[in-house]
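Participant: sequence unknown, structure follows:
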């Protein structure tokens, strides 16, 4: 079973805002250190960032307005902890303790991800879809009736479409928080940590990306463990892991784009 949320789900809005702030950090420094947490909903957005880079409030407000259409922004910025900062002084070292897993994307995950993208192109509003033992369940806002989905996207076995009827969704209906939809982003690969709102020195980002790529290439489950300060992961220098993740993020258009669909992408 697998559930996929689209980029307008409130949790994804939070991920995208966090990713956009990391993009700004990388536009100012080659190797910034930052971690961003976002909570939004009901016309308000709260952001806490720990960063080596300074951000103006206007920059942050512009990001939140563009992505979530929220004007009321509370932004708190703090320097990174000095002990954590020292970990990266002599070059890239593993930025956290963690267990990481890469899993080949299966046909069910591909089907639901592709369907979610197709529906989102037609209805660019809050929505999520899943597949269980009974079939495909679609919950998409701004749809007049269930027959619209069945008619426009007929190549699926639907067990339910909007079971409670039409709905509006979005951050005026529900709250959103960073990294709350990792099941959608990573499927069966979810362990601890979070993908979004962090720079590439963080193992939660780079080692997860590396494990995902390796799993697709080998068609085997990849399981890795590391400790903060490690200089190697999976027999590779940690800087190499970071370089692989950097190229991956670059290939999809940045951290905000990464946040839209996560590792299981259309």
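Facilitator: It's in. No experiment lies behind these values; they were computed from the predicted model shown.

Participant: okay, now the unreliable bits of the protein?
Facilitator: Applying pLDDT under 70 to the chain picks out residues 85, 87-88.

Participant: show me where it has its helices.
Facilitator: 10-28, 57-68, 82-86, 107-122, 146-152, 182-186, 203-218, 238-252, 255-261 (DSSP state H).

Participant: redo those as JSON lines? Include mean neighbour count.
Facilitator: All C-beta atoms are positioned from the backbone trio N, CA, C, and that covers glycine. Below are the helices of the chain laid out as JSON lines (neighbours: other C-beta atoms under 10 Å):
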{"stretch": "helix 10-28", "mean neighbour count": "24"}
{"stretch": "helix 57-68", "mean neighbour count": "17"}
{"stretch": "helix 82-86", "mean neighbour count": "11"}
{"stretch": "helix 107-122", "mean neighbour count": "17"}
{"stretch": "helix 146-152", "mean neighbour count": "14"}
{"stretch": "helix 182-186", "mean neighbour count": "23"}
{"stretch": "helix 203-218", "mean neighbour count": "22"}
{"stretch": "helix 238-252", "mean neighbour count": "17"}
{"stretch": "helix 255-261", "mean neighbour count": "23"}
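
Participant: distance to residue 226 added to these, as JSON lines?
Facilitator: Below are the helices of the chain laid out as JSON lines (distance: least, C-beta to C-beta, whole Å):
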{"stretch": "helix 10-28", "distance to residue 226": "21"}
{"stretch": "helix 57-68", "distance to residue 226": "31"}
{"stretch": "helix 82-86", "distance to residue 226": "15"}
{"stretch": "helix 107-122", "distance to residue 226": "26"}
{"stretch": "helix 146-152", "distance to residue 226": "43"}
{"stretch": "helix 182-186", "distance to residue 226": "17"}
{"stretch": "helix 203-218", "distance to residue 226": "6"}
{"stretch": "helix 238-252", "distance to residue 226": "8"}
{"stretch": "helix 255-261", "distance to residue 226": "21"}
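
Participant: domain parsing for the protein?
Facilitator: Domain assignment for the chain by automatic domain parsing gives 2-6+107-161, 10-86, 98-105+175-259.

Participant: before we move on, back to that, so which of the helices of the chain is nearest residue 2?
Facilitator: The closest of these to residue 2 is helix 107-122. By C-beta to C-beta, the value is 5.0 Å.
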